[in-house]
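Q: sequence and computational prediction follow.
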Amino acid sequence: MTMQRRSFLKKAGIGLAAGAVAAPAIAQTASLPTVSWRLASSFPKSLDTIFGGAEAIAKRVSAASGGKFTIRVFAAGEIVPAFSVHTAVQNATVECAHTAPYYFFGTDPTFAFACAIPFGLNARQQNAWMYHGGGLELMRDFFKDYNIINFPAGNTGAQMGGWFRKEIKTVADLKGLKMRIGGTAGAVLEKMGVVPQQIPGGDIYPSLEKGTIDAAEWVGPYDDEKLGFYKVAKFYHYPGWWEGGPELDLFVNMKAWEALPPEYKAILEAACYEANSDMLAKYDALNPAALKRLVANGVQLKPFSNEIMAACYKTAQEVYSDFAAKNAKFKKVYDSWTRFRAEQIQWFSISENRFDNFMTATQRISQAAPAKGAPAKAAAKDAAKK
């Protein structure tokens, strides 16, 4: 093996964007085998953001291997149902899947840590925990019992709270509400009187339109607009306190992974790393304009009240305590995750939040009172109170 190739493998293995390693890879793959995989997505093709994450991985893997390692992407339901892709990977029905790990909360609530749990980490904090806070090691130790190795491969950023036929003003308004929501959030809201329903993305609209459900959450403005929820529910609540920074993962069958040449392993890992970064950037770029269009179509933006948020937070802690008492795997990850979250909240409160609050206040005042010099002074006074 040449020095150049050893350098490539070392760099790609620690997660460099695949675009930076594509050219050396092609030069070194002449003697490598042809490998063809199938990927089962949990998402519909109509969503170029979240379904597109799997397509981006497949495209980069092919380019970086000179077309010798290919992955064919299948939408939810084409090979297996959206919520069965983990079993398909485990049983080697497919080599890999692109999914939201909390979909498999019913199998074990520990799955959700590889995605998001209520009042958890934002996207940057999730990446920090996974890549440098011990999270990836903990989750891979958990996933090995399912014959799966996981790779972070996307993030939506903080999500919206969802679409409601009626405005949610108090905790009492949640009782009896039939809502499309799953994972740990479903367990929290169920304890507060909500009737959670786990429905694949492509089936949410007809359920909401027919009145089978009263409310639904998905991701955020760009995806939600594409799925047309604003046509059948006008109250758009925020934030999605259950998804501060939900991670998407590539699940890979362990035997299929171990059978790959080292070069292909490096390429796949780098492609996932790139997809993880790119998806978040794409959502951040597309959501603002989509939200403006939704509001122009009569959507009413409504924040969850402090009363609702506080009640949900309290209930979430009770749910976690119950899970930890009954599930040793959950407790092992939860203890580490909780310590990391506490440190992150403290750090972000000093740096990111102070900056963000000032900039938000400045923009709001600038839009309301454009007098020279006034915005910054008023913003400083307003931000100092936060």
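A: The structure has been received and is ready for your questions. Numbering: from 1, shown residues only.

Q: now stretch 224-239, how far from the chain's geometric center?
A: 19 Å (Cα atoms, centre = their mean, to the nearest Å).

Q: what's the end-to-end length of that stretch?
A: Stretch 224-239 has an end-to-end distance of 14 Å (Cα to Cα, to the nearest Å).

Q: mind listing what's buried along it?
A: 224-227, 229-230, 232-238 (16 or more other Cβ atoms under 10 Å). All C-beta atoms are positioned from the backbone trio N, CA, C, and that covers glycine.

Q: and of those, the nearest to Ser36?
A: Minimum distance to Ser36 across these is 30.5 Å, recorded for Lys226 (Cβ to Cβ).

Q: surely that closest one and Lys45 touch.
A: No. Using Cβ atoms under 8 Å, Lys226 makes no contact with Lys45, being 11.1 Å away.

Q: quick one, strands of the stretch 251-386 of the chain?
A: Secondary structure of the stretch 251-386 of the chain (DSSP state E, counting those that start in this stretch): strands located at 300-303.

Q: and the longest helix belonging to the chain, what does it pack onto?
A: Under DSSP state H, the helix in the chain containing the largest number of residues is helix 262-296. Applying 3 or more Cβ pairs under 8 Å, 6 or more residues apart in numbering; DSSP states H and E, one finds that helix 262-296 makes contact with helix 3-13, helix 22-28, helix 50-64, strand 69-74, strand 148-155, helix 221-227, strand 247-253.

Q: to Lys169, which of the ones you listed lies closest?
A: Nearest of those (Cβ to Cβ): helix 221-227, 21.5 Å.

Q: so how far is the closest one off the chain centroid?
A: 15 Å.

Q: deepest of the helices and strands packed on helix 262-296, which one?
A: Comparing the helices and strands packed on helix 262-296 by mean neighbour count (mean count of other Cβ atoms under 10 Å), strand 247-253 ranks first with a mean of 27.

Q: that one pairs with which strands, parallel or anti?
A: strand 96-99 (antiparallel), strand 148-155 (antiparallel) (DSSP bridges).

Q: mean confidence for stretch 204-215?
A: In this model, stretch 204-215 has an average pLDDT of 96.

Q: now do the buried residues in stretch 160-177.
A: Those buried within stretch 160-177 under the rule 16+ other Cβ under 10 Å are Met160, Gly161, Gly162, Trp163, Phe164, Ile168, Val171, Leu174, Leu177.

Q: now, the residues you listed that are in helices?
A: Going by DSSP H, the helices hold none of those.

Q: adding pLDDT and distance to Ile50, write those residues out as a markdown table.
A: Formatted as a markdown table, the entries for the buried residues of stretch 160-177 read as follows, by pLDDT from 0 to 100; distance: Cβ to Cβ, whole Å:
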| residue | pLDDT | distance to Ile50 |
| --- | --- | --- |
| Met160 | 98 | 14 |
| Gly161 | 98 | 18 |
| Gly162 | 97 | 16 |
| Trp163 | 98 | 17 |
| Phe164 | 98 | 22 |
| Ile168 | 98 | 25 |
| Val171 | 97 | 31 |
| Leu174 | 97 | 27 |
| Leu177 | 97 | 25 |
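
Q: just those now: which is nearest Val295?
A: Nearest to Val295 among these is Met160, at 12.6 Å by Cβ to Cβ.

Q: format the helices and strands packed on helix 262-296 as CSV; extra columns: distance to Phe304.
A: Output for those, formatted as CSV (distance: least, Cβ to Cβ, whole Å):
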stretch, distance to Phe304
helix 3-13, 42
helix 22-28, 44
helix 50-64, 24
strand 69-74, 36
strand 148-155, 22
helix 221-227, 17
strand 247-253, 23
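
Q: closest one to Arg354 among these?
A: strand 148-155 (23.5 Å).

Q: contacts for the closest one?
A: Here strand 148-155 makes contact (Cβ atoms under 8 Å, 6 or more residues apart in numbering) with 50, 53-54, 57, 86, 89-90, 98, 101, 114, 123, 126-127, 130-131, 136, 139-140, 143, 245-254, 257, 268-269, 272-273, 275-276, 279-280.

Q: recalculate using a threshold of 6 Å.
A: 53, 89, 114, 123, 130, 143, 245, 247-252, 254, 257, 272, 275-276, 279-280 (Cβ atoms under 6 Å, 6 or more residues apart in numbering).

Q: is Leu280 in contact with Ala123, as I believe?
A: Yes. Using Cβ atoms under 6 Å, Leu280 is in contact with Ala123, at 5.5 Å.

Q: where in the stretch 251-386 of the chain is pLDDT low?
A: Per-residue confidence for the stretch 251-386 of the chain (pLDDT under 70) gives these ranges: 370-386.

Q: Lys210 versus the closest residue to Gly186 other than its chain neighbours, what's the distance?
A: Leaving aside its sequence neighbours, Gly186 sits nearest to Pro196 (Cβ to Cβ, 6 or more residues apart in numbering; 3.4 Å). The spacing between Pro196 and Lys210, counted by Cβ to Cβ, to the nearest Å, is 18 Å.

Q: more neighbours: which of these two?
A: Pro196 (19 against 9; other Cβ atoms under 10 Å).

Q: sorry, back to before: compare the helices and strands packed on helix 262-296 and give me the one nearest Ser41.
A: Closest approach to Ser41 among the helices and strands packed on helix 262-296 (Cβ to Cβ): helix 50-64, 4.9 Å.

Q: give me the contact list for that closest one.
A: Residues contacting helix 50-64 (Cβ under 6 Å, 6+ apart): 18, 22, 25, 39, 41, 43, 45, 69-71, 73, 98, 154, 248, 267-268, 271, 275, 279.

Q: now that helix against helix 262-296, angle please.
A: 150 degrees (axes from the mean of the first three to the mean of the last three Cα atoms, to 10 degrees).

Q: related to what we said a few turns ago, quick one: the longest helix of the chain to strand 69-74, angle?
A: Using the same axes, to 10 degrees: helix 262-296 against strand 69-74 is 30 degrees.

Q: pull out the buried positions in helix 262-296.
A: 263-280, 282-283, 286-287, 290-291, 294.

Q: brilliant, that's me finished.
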